[in-house]
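Asks: Task: produce atomic coordinates for the following.
(3 chains, ligands or ions: 2)
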Amino acid sequence: MNNLKITIGLEVHCQLSTRAKMFCRCGTDYIGKGPNSLTCPVCLGLPGSLPVLNQRVLDLALQLALALGCRILPKVVFHRKNYFYPDLPKGYQVSQYDYPIGVNGSIDYALQGQRKSVRIKRVHVEEDAGKLVHEGMALMPDQSGVDFNRSGIPLAEIVTEPDIRSPEEARECLMMFRSLVRYLEVSDGNMEEGSLRCDANISLSRNPGEMGVKVEVKNMNSFRSVYRALSFEVERQKVLLHEGKEISQETRHWDEIKHVTVSSRGKEEAEDYRYFPDPDLLPFSIDEASLMNIREKLPELPLERKERFMLEYELTESEAGVLVSSKMLADFFEECLKELNKPKTVCNWITTEVLRNLKNLGKNINQSEITPKAFTELLRMIEKKEISGTIAKSVLEEMFTSGMNAREVISKRGISFISSEKELENIVVDVIENNPQSVADYLGGKQKAFNFLVGQVMRQTRGQASPEMVKNVLYKQLSAGG
Amino acid sequence: MTAEEMKNYRVSDYRRILQKGDISPRELVKIFLERCSQWEPFINAFLHLDAERVLRQAEEMEKFPPADEELPQLFGIPVAVKDNICVSGIPTTCGSHILENYVSPYEATVVQRLRRAGAIIFGKTNLDQFAMGSSTESSVFGATRNPLDLSRVPGGSSGGSAAAVASLEVPLAIGSDTGGSVRQPAAFCGVVGVRPTYGRVSRYGVVSFASSLDQVGPLSRFVSDAALLAQVLSGEDPLDSTCAPYPPFSTSDIPSYEETRKMRLGIPREYFSSGVDRSISEEVASAVEKLAKEGFDVIEISLPHTDFALEAYYLVALAEASSNLARFDGVLYGKRAQGVKTLMEMYHRTRIEGFGNEVKRRIMLGTYALSSGYYDEFYLKGMKVRTLVRQDFEKAYEACDILLTPSSPCFPFKLGEKISDPYQMYLTDILTVPSAMAGLPSLSLNCANRDGLPVGLQVIAGPFREDRMFGLALFLEELLSVEPPIPAVPDVKEGDDE
Amino acid sequence: MAHLSRLEFTEQELETFFRDLNNILVHFEKLDTLDLSNVSPTSHITWTSPPVNPDQPVEWGREEEVMRAAPKVEDRYFIVPKIVDKQEG
Ligand SMILES: [Mg+2]
Ligand SMILES: [Zn+2]
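Replies: Ligands and ions are numbered 1, 2, ... in the order given. Prediction:
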């Protein structure tokens, strides 16, 4: 009874990063726009309107399918999935059926240092539906409202084989999907904003040789809820099996507030989508040349890059993991290394200070003012002990907010920092002359007196010299004098 | 200008008198409006005809006369538009309750092309609901009658456009042809009707019946006018992905009589079978004989799957239609049933009250053909037979350049005669459906009159060979010199008819 | 089938309908006499590769007209009877 086999498969929808919708020229940037403002005859399904494919949809989907190692089908055919729902203006969704973009791929991810692989059944593209609202200021309790701004936005759907064995794996695999789509820049992969959505099929069985009854879980809006919802299902089904009860094949919705899955009312009839080739859209053939072109331009993928970072730069798994979680960040890291070949140092600063500043500003690295050149210049100053780490942190912060480089920040603050031991010498000599007692104490073997002298120098320099350098110069002067 | 004078006027003649200033655009449209007020009470060809709007368009033309330039191709020429084609500012009803007051917020590409060519959008013509029918009887706004015999149907579904042209309410009209909806009414009303190659003319703004078959085409009294209209309508459209990115058809490509005479004519024997009225087969055969005497190379050929085309056509067309008509659900536009409480009630009642019987029947059949378990037996089979039909034509065009057939198996029938037997109605499309399935350009012209009823002859060419099709049709028109009909206004007082 | 097409009929209507439908369906049996095992289906008539859109948004600008004419609109939303359950669709 304890050796229940858990089988999970994922169905991931991600919004493709196009500027215009899939079959019309309406914009996709609907966040913050009034309801039904980004619409036209095509995405409203007005009588007589016809779809024309946005070329970029194919390009992005092909990149995604190739990155997932899929076999690309030579022809792209769009099918109509027929069903009635108020958010579906044409009474059908343009999707794909027996000619998806790609089939038989796989995605790899690492969990606790172990590399795992999940087979991909298919990758296809389809149009999104509108958005339903059930509550709102002007809505009566017996009404629902529809906003078609999202209608016709391109989605890629990725269906995995049921190769996932635990809720942890499911979460990890989904996170890998996100970093993959971000890497490829085919989607922003944002689960909270709904540009990455995930449904799961889960079944438990006593007999490892067979599959249990499949339950579909929907409405999971974050990585955490994917983990929680599937963990809840595992427990729920375990109890049922333990009690010798049947598990019914059904769709369940994750309740984010109560932390339970709830059965959707059973379907009265099996859905019959009556798929057939959309006669308004002619099939596209995919030629080998353009495929080669896309394949050549594919970036190094996150898992490969992570493994390379660990090997080439001797980073830990978690360090490399943080860096490759975003392609921009990993690119930034490697750009920095061209300026300053100290992987460990650069990595430490990026994974702590840089990320902290970005988070505070709500920006990503490309949106920020920091360039690899400016950033590594700062690191080099620390390296040369021209400034202290503490000061560097506050300088970096100002670099982020002002866009100035390190030297500009420092001179703006009206503090000329001491960049050479020579500049320090005068101050040190001064301090030695003015504190004969402490000098005597030090020469008498009192270490504390040395620290006092360091402090005096630091005060004189108003903190603009690095303690290392001060100690160094002081030591030299005292030795020389003694 | 009297009807007697106008009966031989081609578009080029109207242009000439407009150019010379013998008549102003406003005077010209007034003549046609006058014809409409005489004829409409009897034939009901128009669903929407706004005299003021028409006059305003004519006035605009007068305001901006293209000084000293060649006038645009259709300058000041009234063109009637079938009511399943979207025109800005006036209703597009598809002859159905569900779109009764629907005004499209955008305009069809073909209508914009007409405007650009200087045409006057005259009004919207009657049709079978959603272009589903062959008699124009299923319009919720009443049937259209055949101006040649008011007891008979004008054919369909573009019956309004055909009747308007035949009665000279307008010199030109456009219709849509899915399985014969331009050619069959043209044959019934004794005028010229053209179905262009699939992909020749944009479908953007044409309410879809069966997307892989629908094509907009001209109706006129003369072949040359149809060719001119085809030139204006055709050409690529970035708004329709099924519209071929080819340059538009040009009338200057039409071969001369001498070149035309070199064409090899194929006569498919299946089109002269027992299902076709004897008189019709005879008249078409006699026209072919005349061509042979002119020196044409005439060969008998076979299109063996002709007999299966009709069934296959209905499977494909209705499957597509069931999906195309799903959007009429009362959510965004059109009529929503009153007092509905639940979503399901809204869907059911809106659609049951909004659609006519034939539309419901076809949606049901199409849904059936696509449903799981029946897809292979019905829809897939339809698509496979379509391949065979297409291949028949491909093979035929290895042996000949043009095919000649009758356009309709029967003469225009009486109102009410076939409305209760859907299959009998479907059979009237039997000769126009195969070339539609293959996407080929085909044209119907009047080749004879028998007891006052016209006989349509169909000219079918290879893909994008409208040049050959019009070339032969022009030759035939001249050779046969069958007068286009100009029926006398019925001698009944207005209103007596209904 | 009626439910799938979101149509609803009375008993009597259904009877006539089924009679008509059956009368039509029998004719389709004619196709069974053809051997179609090696025939590929024609779903589209194609002569060329289809045109595509560039990925550049263009504003339509006439949404208001659609909303003004719609059966029911509140606060720029198209209004329908309350959706009780996703599965209803
Ligand atoms: Mg999907
Ligand atoms: Zn749009």
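Asks: how close does the residue most central in space within chain A sit to residue B:199?
Replies: In chain A, the C-alpha nearest the mean C-alpha coordinate belongs to residue A:179, at 4.8 Å (CA atoms, centre = their mean). The gap separating residue A:179 from residue B:199 is 44 Å, by CB to CB, to the nearest Å. All C-beta atoms are positioned from the backbone trio N, CA, C, and that covers glycine.
Asks: tell me what the longest helix belonging to chain A is packed against?
Replies: Longest helix in chain A by number of residues (criterion: DSSP state H): helix A:223-242. On a contact count with 3 or more CB pairs under 8 Å, 6 or more residues apart in numbering or on different chains; DSSP states H and E, helix A:223-242 meets helix A:167-184, strand A:196-205, strand A:215-220, strand A:250-255, strand A:260-263.
Asks: Using CSV, list the CA coordinates for stretch A:285-300.
Replies: The C-alpha trace of stretch A:285-300 is given here as CSV (Å, rounded to 0.1, in the frame of the first residue of the first chain):
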residue,chain,number,x,y,z
SER,A,285,4.8,24.0,-45.5
ILE,A,286,7.9,24.1,-43.3
ASP,A,287,11.0,24.0,-45.4
GLU,A,288,14.3,22.6,-44.3
ALA,A,289,16.2,25.8,-45.0
SER,A,290,14.2,28.0,-42.7
LEU,A,291,14.3,25.3,-40.1
MET,A,292,18.0,25.1,-40.2
ASN,A,293,18.1,28.8,-39.9
ILE,A,294,16.1,28.8,-36.7
ARG,A,295,18.0,25.8,-35.3
GLU,A,296,21.3,27.7,-35.8
LYS,A,297,20.1,30.7,-33.9
LEU,A,298,18.8,28.7,-30.9
PRO,A,299,20.6,29.9,-27.8
GLU,A,300,22.3,27.5,-25.4
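Asks: can you list contacts of that stretch?
Replies: Here stretch A:285-300 makes contact (CB atoms under 8 Å, 6 or more residues apart in numbering or on different chains) with A:58-59, A:62-63, A:66-67, A:72-76, A:183-184, A:308, A:327, C:49.
Asks: Out of those, which is nearest to ligand 2?
Replies: If you rank those by distance to ligand 2 using CB to the ion, residue A:58 comes first, at 18.3 Å.
Asks: I figured the closest one was touching residue A:72, is that so?
Replies: No. Counting by CB atoms under 8 Å, residue A:58 does not reach residue A:72; the two are 10.7 Å apart.
Asks: List the residues that are in contact with both of those two.
Replies: A:101, A:286.
Asks: Could you measure from whatever residue of the stretch 201-350 of chain B ends up closest to ligand 2 over to residue B:205?
Replies: In the stretch 201-350 of chain B, the residue that lies nearest ligand 2 is residue B:239 (11.6 Å; CB to the ion). Distance, residue B:239 to residue B:205, by CB to CB: 8 Å.
Asks: before we move on, what about residue B:344?
Replies: 31 Å.
Asks: Can you say which of the helices and strands packed on helix A:223-242 is nearest to residue B:451?
Replies: Proximity to residue B:451 (CB to CB) singles out strand A:250-255 among the helices and strands packed on helix A:223-242, at 66.6 Å.
Asks: Next, the buried residues of that closest one.
Replies: Neighbour counts over strand A:250-255 (16 or more other CB atoms under 10 Å in any protein chain shown) mark A:250, A:251, A:252, A:253, A:254 as buried.
Asks: same thing with stretch B:96-114?
Replies: For stretch B:96-114, the neighbour count (16+ other CB under 10 Å) marks B:96-99, B:102-114 as buried.
Asks: Quick check: which of those residues are also close to chain A?
Replies: Among the buried residues of stretch B:96-114, proximity to chain A is found for B:99, B:102, B:104, B:105, B:106, B:108 (CB under 8 Å from any CB of the partner chain).
Asks: Kindly reformat the residues you listed as JSON lines containing pLDDT.
Replies: Shown next, in JSON lines, are those (pLDDT from 0 to 100):
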{"residue": "B:99", "pLDDT": "97"}
{"residue": "B:102", "pLDDT": "97"}
{"residue": "B:104", "pLDDT": "97"}
{"residue": "B:105", "pLDDT": "97"}
{"residue": "B:106", "pLDDT": "98"}
{"residue": "B:108", "pLDDT": "98"}
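Asks: Return the member of those residues nearest to ligand 2.
Replies: Ranked by distance to ligand 2 (CB to the ion), those are led by residue B:106 at 11.4 Å.
Asks: pretty sure the closest one is in contact with residue B:85, am I right?
Replies: No. Contact criterion CB under 8 Å: residue B:106 and residue B:85 do not qualify, at 11.8 Å.
Asks: Report the set of residues contacting both of the two.
Replies: residue B:205.
Asks: Now the helix of greatest length in chain B: buried residues?
Replies: Across chain B, the longest stretch assigned as helix under DSSP H is helix B:379-399. Across helix B:379-399, burial judged by 16+ other CB under 10 Å covers B:379-393, B:396-397.
Asks: Check stretch A:389-404 too.
Replies: Result for stretch A:389-404 [16+ other CB under 10 Å]: buried residues A:391, A:392, A:393, A:395, A:396, A:397, A:398, A:399, A:400, A:404.
Asks: Let me have that stretch in CSV, keeping just the CA atoms, if that works.
Replies: Provided in CSV are the C-alpha atoms of stretch A:389-404 (Å, rounded to 0.1, in the frame of the first residue of the first chain):
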residue,chain,number,x,y,z
GLY,A,389,33.2,46.3,0.0
THR,A,390,30.8,48.2,2.2
ILE,A,391,31.2,51.3,0.3
ALA,A,392,31.1,49.5,-3.0
LYS,A,393,27.6,48.2,-2.0
SER,A,394,26.3,51.7,-1.5
VAL,A,395,28.1,52.9,-4.6
LEU,A,396,26.4,50.1,-6.6
GLU,A,397,23.1,51.0,-5.3
GLU,A,398,23.5,54.5,-6.5
MET,A,399,24.8,53.3,-9.8
PHE,A,400,21.5,51.4,-10.2
THR,A,401,19.3,54.4,-9.4
SER,A,402,21.3,57.1,-11.1
GLY,A,403,22.9,55.4,-14.0
MET,A,404,26.3,56.9,-13.2
